[in-house]
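> Okay, structure incoming, though there's no sequence with it:
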Ligand code: BES
Ligand code: ZN
Ligand code: ZN
């Protein structure tokens, strides 16, 4: 969708949304149109229960004198509540309304002041419009993706355009991540996902792809064990953005990239298994964040490391009871081959800390079903022994509308993953506290570098539409990591 900004002028044709604030009868722009249409807007606004609540809509049907114009009144809510997230929601509501029509372009005219606010509406419209519809071959499905064009009418359009610039590239990064997460596993597998990372070179990101022989040399037995049952080769991709002085230690983001998780020999039930195409959501968030950070030329050094594997059952797959040696040298008894994300991250984390000596590490992973039992689809779980880092993440999450909830780590959970046959096992003693035992496992591979783990299993995919997120891939994590860097490391 193309978003442009234009100085206000009298609309004569097309679909025009007119903003009306809560409690306000008609805004100045609306009043002008109301005059021309002999009071049609006022009548529509006073009809029914229209109160100007954010996102509420009333169509004004074919006003006399302006037959070529479709006017929709849209509530902009209480101006006191016009923060970024509210403005984004308004943009999303607007495009969703358009989706129910067969019109492809719209103008949004309202009397908000402030370039930043208008830019946020545009950003929300881009996020709200997103749909993964490339595989529909029928025209009517295509239509539902309207609008193709949005003109935002605002005083000082040039300032709005400037304010929108960074948000435009953030929107591209978000939708890039959502595409990666939405693609099925016959299209996105370790090699093709690595290729998507290579695409970031055009933004100035240094990208290095490690194949299986290189990982074998490094001793990444934990990651390779997960991928060994798949016909697709495993990959580890390193993405580097150098926006600050060489001497400055980087910030590191690490992502779980299981392009499909069947569970392996500990195979999952077939009902809902298709969801496991998005078990690479953590890696997609890291890739999208690298996109966003590079596109806005952030003044920070950032590395993204993603471990890419497919977890399949086959005659070459690892078995429950197998013992693997991780890059750290620590041995792991694989009790359950479905607890594979932690095995992938074990080597990715160890590699990251030993190679880059980062000031912090944050990993993102669709790691456990248990985190959804605890937090539903409302918060991602945050695990960290570092209060400072945890605080920064909580704040960034709140600012961008990607909320986190802090979960515990402690020694008695840690003890649960001791094994009788190796240094540790990949599941806890029972099923209780499963998200924390998973986090304890990861902590053993951080080598005391300040670290946080985000379990995003409940957040990477939405089963119902909410604000700027339609059903499907959310892009959770992209805005959060970008904001974490912007607020603290530039
Ligand atoms: N990828 C899953 C976790 C998951 C489940 C993500 C549902 C999104 C939706 C992970 O690899 C897994 O299978 N975890 C197991 C761990 C268990 C075997 C200890 C789980 O959560 O059941
Ligand atoms: Zn699994
Ligand atoms: Zn998994």
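Perfect, I can see it now. Bear in mind that the values here come from a model prediction, so they are computed numbers and not experimental data. Numbers count the residues shown, from 1 in each chain. Ligands and ions are numbered 1, 2, ... in the order given.
> Tell me how many other residues surround the closest residue to ligand 1 within the stretch 301-450 of the chain.
Closest to ligand 1 within the stretch 301-450 of the chain is residue 369: 3.4 Å, counting by Cβ to the nearest ligand atom. The way it works is simple: take the backbone N, C-alpha and C, and place the C-beta from them, glycine included. By other Cβ atoms under 10 Å, 14 other residues sit near residue 369.
> Would you check how far apart it and ligand 3 are?
9 Å (Cβ to the ion, to the nearest Å).
> which non-adjacent residue is nearest that residue?
Counting by Cβ to Cβ, 6 or more residues apart in numbering, residue 369 lies nearest to residue 457, which is 6.5 Å off, once chain neighbours are set aside.
> wait, doesn't the residue of the stretch 301-450 of the chain closest to ligand 1 sit right on residue 434?
Yes: counting by Cβ atoms under 8 Å, residue 369 touches residue 434, with 7.5 Å between them.
> quick revisit: confidence score at the residue of the stretch 301-450 of the chain closest to ligand 1?
We have a pLDDT of 98 for residue 369.
> Kindly report the same for residue 41.
The per-residue pLDDT of residue 41 was computed as 87.
> Now whichever residue of the stretch 301-450 of the chain sits closest to ligand 2: closest residue in space, sequence neighbours ignored.
Among the residues of the stretch 301-450 of the chain, residue 338 lies closest to ligand 2, at 3.8 Å counting by Cβ to the ion. Among residues not flanking residue 338 along the chain, residue 263 sits closest, at 3.8 Å (Cβ to Cβ, 6+ apart).
> Can you tell me how far that neighbour is from ligand 3?
Counting by Cβ to the ion, the gap from residue 263 to ligand 3 is 8 Å.
> Repeat that for residue 198.
Distance of residue 198 to ligand 3, computed by Cβ to the ion: 24 Å.
> and what of residue 19?
Distance from residue 19 to ligand 3, by Cβ to the ion: 44 Å.
> just residue 476 next, same as before
From residue 476 over to ligand 3 (counting by Cβ to the ion), the distance is 16 Å.
> With residue 218 instead?
For residue 218 relative to ligand 3 (Cβ to the ion), the value is 22 Å.
> and the residue of the stretch 51-200 of the chain nearest ligand 1?
residue 181 (11.5 Å).
> What are the phi and psi values at the closest residue to that residue other than its chain neighbours?
Leaving aside its chain neighbours, residue 181 sits nearest to residue 473 (3.6 Å; criterion: Cβ to Cβ, 6+ apart). Phi and psi for residue 473, reported as degrees, to the nearest 10, are phi -60, psi 130.
> Then residue 234?
According to degrees, to the nearest 10, residue 234 has phi -80, psi 160.
> just checking, residue 131 touches residue 470?
Yes: counting by Cβ under 8 Å, residue 470 is a contact partner of residue 131 at 6.2 Å.
> Outline the domain layout of the protein.
Using automatic domain parsing, the domains assigned to the chain come out as 2-155, 176-488.
> tell me the contacts of the closest residue to ligand 3 within the stretch 151-300 of the chain?
Nearest residue of the stretch 151-300 of the chain to ligand 3 (Cβ to the ion) works out as residue 261 at 3.7 Å. Residue 261 makes contacts with 268, 276, 279, 311, 338, 340, 341, as judged by Cβ atoms under 8 Å, 6 or more residues apart in numbering.
> where's the fifth one relative to residue 90, distance?
It stands for residue 338. Here the criterion is Cβ to Cβ, to the nearest Å. By it, residue 338 lies 42 Å from residue 90.
> got it, and the second one?
Residue 276 sits 35 Å away from residue 90, going by Cβ to Cβ.
> From the neighbour counts alone, determine which of these two ranks first.
More crowded of residue 276 and residue 90, by other Cβ under 10 Å: residue 90, with 29 against 19.
> Secondary structure element holding residue 72?
strand 69-77 (DSSP states H and E).
> Scan this protein for its longest helix.
Longest helix in the chain, counting residues (DSSP state H): helix 157-182.
> got the buried residues for it?
Residues of helix 157-182 classed as buried: 157, 159-161, 163-164, 166-167, 169-171, 173-182 (neighbour count, 16 or more other Cβ atoms under 10 Å).
> Touching, residue 280 and residue 259? I think so.
Yes: the pair residue 280 / residue 259 is scored as a contact, 5.0 Å apart, by Cβ under 8 Å.
> For those two, list the residues in contact with both.
Common neighbours of residue 280 and residue 259 (Cβ under 8 Å, 6+ apart) are 188, 193, 308.
> Among these, which lie within helices?
Per DSSP H, these map to helices at residue 193.
> Okay, and the beta partners of residue 257?
residue 308 (DSSP bridges).
> Start at 37, not 1
Will do, 37 is the new start, and the previous item becomes residue 293.
> How many neighbouring residues does it have?
Neighbours of residue 293 (other Cβ under 10 Å): 34.
> Contacts only, for residue 300.
Applying Cβ under 8 Å, 6+ apart to residue 300 gives the contacts 262, 265, 347, 348, 349, 353, 354, 373, 374, 376.
> ok, and the closest non-adjacent residue to it?
Residue 300's closest residue in space is residue 373 (Cβ to Cβ, 6+ apart), at 3.3 Å.
> which residues touch the one you found?
Taking Cβ under 8 Å, 6+ apart, one finds 262, 299, 300, 301, 302, 347, 349, 353, 354, 355, 356 in contact with residue 373.
> In three-state terms, how would it be classified?
coil (DSSP: H, G, I helix; E, B strand; the rest coil).
> Quick one: low-confidence residue ranges for the stretch 337-486 of the chain.
Residue ranges of the stretch 337-486 of the chain with pLDDT under 70: none are present.
> List, one by one, the residues from it near ligand 3.
By Cβ under 5 Å from the ion, the part of the stretch 337-486 of the chain that sits against ligand 3 consists of residue 377.
> What residues does the stretch 337-486 of the chain have near ligand 2?
Near ligand 2, when you scan the stretch 337-486 of the chain using Cβ under 5 Å from the ion, you find 374, 376.
> ranges for the helices of the stretch 337-486 of the chain?
377-392, 406-411, 423-436, 447-451, 470-479 (DSSP state H, counting those that start in this stretch).
> List the contacts of the third one.
Applying Cβ under 8 Å, 6+ apart, the contact partners of helix 423-436 are 120, 396, 398, 416, 418, 420, 439-440, 442, 486-488, 490, 515-516, 518-520, 523-524.
> In strands, which of those residues appear?
396, 398, 416, 418, 420, 440, 442, 487, 488, 490 (DSSP state E).
> Pull the most distant pair out of the residues you listed.
396 and 416 (17.2 Å; Cβ to Cβ).
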